[in-house]
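Enquirer: Provide a 3D model corresponding to the input given below.
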Amino acid sequence: MSVSTQTIQSLDQFTKQLYADKVQDLVPDFELLMKGIPFVSAEKQAGGDYVQPVILSRDHGVTFHGKNDAQLKLEAPIAAIIDSASIRPSAMTMRAMLSYTSASRLTGGPRAFVNGTSYIVESLVQSFAAIMEQIHWYGGMGLGKIASVASNTVTISAAEWASGVWVGGEGMLVDIYRAGAKVATTEVTQVDIINKQLTLASAAGLLANDVIYRKGSYGLESLGAHYILQNTGSLFGIDASQRKLWEANRYDCSGAALSFEKVSEGIAKAYGRGLLGKMKLYVSPVTFSTMFPDFKTVKSVDTFSSRVFNDESQLKTLEHGVNAIKFFINSVEVEVIASPYVKEGYAFGLSDEGWVRVGSRDLSLGTPGMPEGSYWMQAQDYSALELRAFTDQALFCTKPARQILFTNISNA
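Expert: Below you'll find the model as predicted:
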């Protein structure tokens, strides 16, 4: 049994009309990196990589002539060091299904189609976007580190816990790695957000410090912001130990809360390495809640308010702010934003300059190779039609020296 070609054509037509060009509108606002960092389709090079020139030093061939042209000979040019970074995007496909019975009832018009498929399309796009957001944060690092194991329940360490990664995670298949080797594949059957615990189908043999990855992602996902900012060696074909502008700034909070003073000190490190303009400081919701009272304390100190904040209007914006805190340090406009995908032990200072998402295709319905305007297909071994979402992209930073990774934050 299968649905008619005419039915599939009708569903394709409605999908193109109502969803095809509006996929990004369905991405929730929580997916801040997906929303805030532009996607750039670069020219594909041999092997599927994308090559991006980056500047790793300044020009230095300057000649000082003196007041009376005492020195006429020009110094030899010392050109800026420009190298090429090679980035390989990660392709992913996600599937959703619609039963034959439902499909046959949705060809009466756009309204019937929307009523019958909106939950399928929206769930597919939003679920896929959530996975992409997790990869853009933690690709290559893992979704969480186990602190302890009791029966089939594992507790994630507070520093490695991000509520947005696990909310709705029931049914997620995960791989557990230890020292780079997979030790188990299991399913998340229950999520306890309050206690930072996951109940697994089986936790046999798992140990503290084991790292959790989404099933099949290890070694195949693109690298996330955390991995990029913690790098001190070779990344995208450039060695940060040899080219220091390829290494991000790191600030250790020494097991304390992330205060405005610590943020100011971290900004000062990046400012000396080229940070200008605007920076978004992404923190966990828990960290954000501790920073707001800290502002009320430091705002009362005149020297701090005149040193850090731009003017009285900025103070008012901050005092009455709910979604974000904005202030100025060393002429850098810093916006503190809470994201449920940020782990509680970290914060990420990302300059508005230097971040792009590169690849051959942003999140979209349909898959490469399908005819233009075709979205639905027969599902193999199921009496259903299948809709797929596809992307091929990677997060890339062209100016690591202007970024800051805050570590060892404690909100206890």
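
Enquirer: which non-adjacent residue is nearest residue 266?
Expert: Ranked by C-beta to C-beta, 6 or more residues apart in numbering and with sequence neighbours excluded, the top spatial neighbour of residue 266 is residue 251, at 3.9 Å. Heads up, the C-betas are built off the backbone N, CA and C, glycines and all.

Enquirer: Could you tell me which strands sit next to the helix or strand that contains that neighbour in the sheet, and their orientation?
Expert: Using DSSP states H and E, residue 251 sits in strand 249-256. Paired strands of strand 249-256, with direction, are strand 404-409 (parallel) (DSSP bridges).

Enquirer: Identify the residue spatially nearest to residue 200, adjacent ones excluded.
Expert: Taking C-beta to C-beta, 6+ apart, and ignoring the residues beside it in sequence, residue 200 has residue 186 as its nearest neighbour in space, at 4.7 Å.

Enquirer: How about the contacts made by that neighbour?
Expert: Residues near residue 186 by C-beta atoms under 8 Å, 6 or more residues apart in numbering: 173-174, 176, 200-203.

Enquirer: That one should be in a strand, yeah?
Expert: Yes: with DSSP: H, G, I helix; E, B strand; the rest coil as the criterion, residue 186 is located in a strand.

Enquirer: Residue numbering should commence at 691 henceforth.
Expert: Noted, 691 is the first residue going forward, which turns the last one into residue 876.

Enquirer: That one and residue 836: what is the separation?
Expert: Between residue 876 and residue 836 the distance, using C-beta to C-beta, to the nearest Å, works out to 12 Å.

Enquirer: Touching both of the two, which residues are there?
Expert: Shared contacts of residue 876 and residue 836, counting by C-beta under 8 Å, 6+ apart, come down to residue 866.

Enquirer: Might you calculate how far stretch 1040-1049 sits from the centre of the chain?
Expert: Chain-centre distance of stretch 1040-1049: 11 Å, with C-alpha atoms, centre = their mean, to the nearest Å.

Enquirer: what comes up buried for it?
Expert: Taking 16 or more other C-beta atoms under 10 Å as the basis for neighbour counts, the residues of stretch 1040-1049 that come out buried are 1040-1041, 1043-1049.

Enquirer: rewinding a little: confidence score at the residue nearest to residue 956?
Expert: We note a pLDDT of 95 for residue 941 in this prediction.

Enquirer: cool, residue 950 as well?
Expert: Confidence per residue is given as pLDDT, and for residue 950 that number is 86.

Enquirer: Looks like it contacts residue 973 (just checking).
Expert: No: counting by C-beta atoms under 8 Å, residue 950 does not reach residue 973; the two are 12.0 Å apart.

Enquirer: Give me the common contacts of those two.
Expert: Contacts common to residue 950 and residue 973, judged by C-beta under 8 Å, 6+ apart, are residue 981.

Enquirer: list the buried ones in the longest strand along the chain?
Expert: Identified as the longest strand of the chain according to DSSP state E is strand 1074-1087. Of the residues in strand 1074-1087, those buried under the neighbour-count criterion (16+ other C-beta under 10 Å) are 1074-1075, 1077-1087.

Enquirer: Likewise for stretch 1058-1077?
Expert: For stretch 1058-1077, the neighbour count (16+ other C-beta under 10 Å) marks 1065-1067, 1069, 1074-1075, 1077 as buried.

Enquirer: Surely residue 803 is within a helix?
Expert: Yes: with the criterion set as three-state DSSP, the secondary structure at residue 803 is a helix.

Enquirer: For it, which non-adjacent residue is spatially closest?
Expert: Closest residue in space to residue 803, ignoring its immediate chain neighbours: residue 704 at 4.1 Å, by C-beta to C-beta, 6+ apart.

Enquirer: where's the one you found relative to residue 909, distance?
Expert: Noted for residue 704: a distance of 39 Å to residue 909, by C-beta to C-beta.

Enquirer: And residue 1064, by the same measure?
Expert: Note on residue 1064: its distance to residue 909, by C-beta to C-beta, is 32 Å.

Enquirer: quick one: contacts for residue 900?
Expert: With contact set as C-beta under 8 Å, 6+ apart, residue 900 has these partners: 835-836, 866-868, 873.

Enquirer: let's see 7 Å
Expert: The neighbourhood of residue 900, defined by C-beta atoms under 7 Å, 6 or more residues apart in numbering, consists of 836, 866-868, 873.

Enquirer: Any regions of the stretch 841-990 of the chain where pLDDT drops low?
Expert: Counting by pLDDT under 70, the stretch 841-990 of the chain has low-confidence residues at 982-990.

Enquirer: what does the helix or strand residue 707 falls within rub up against?
Expert: Under DSSP H and E, the secondary-structure element containing residue 707 is helix 695-708. Helix 695-708 is contacted by residues 793-794, 796-797, 800, 803-804, 1055, 1063-1066, 1075 when judged by C-beta under 7 Å, 6+ apart.

Enquirer: Just the ones of these in strands?
Expert: Counting by DSSP E, the members of those that fall within strands are 1055, 1066, 1075.

Enquirer: In TSV, list the residues you listed along with pLDDT and distance to residue 726.
Expert: Below are the ones in strands among the contacts of helix 695-708 laid out as TSV (pLDDT from 0 to 100; distance: C-beta to C-beta, whole Å):
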residue	pLDDT	distance to residue 726
1055	90	22
1066	87	32
1075	88	34
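
Enquirer: Now do the helices in the stretch 991-1102 of the chain.
Expert: Listed in chain order, the helices of the stretch 991-1102 of the chain (DSSP state H, counting those that start in this stretch) span residues 992-998, 1002-1009.
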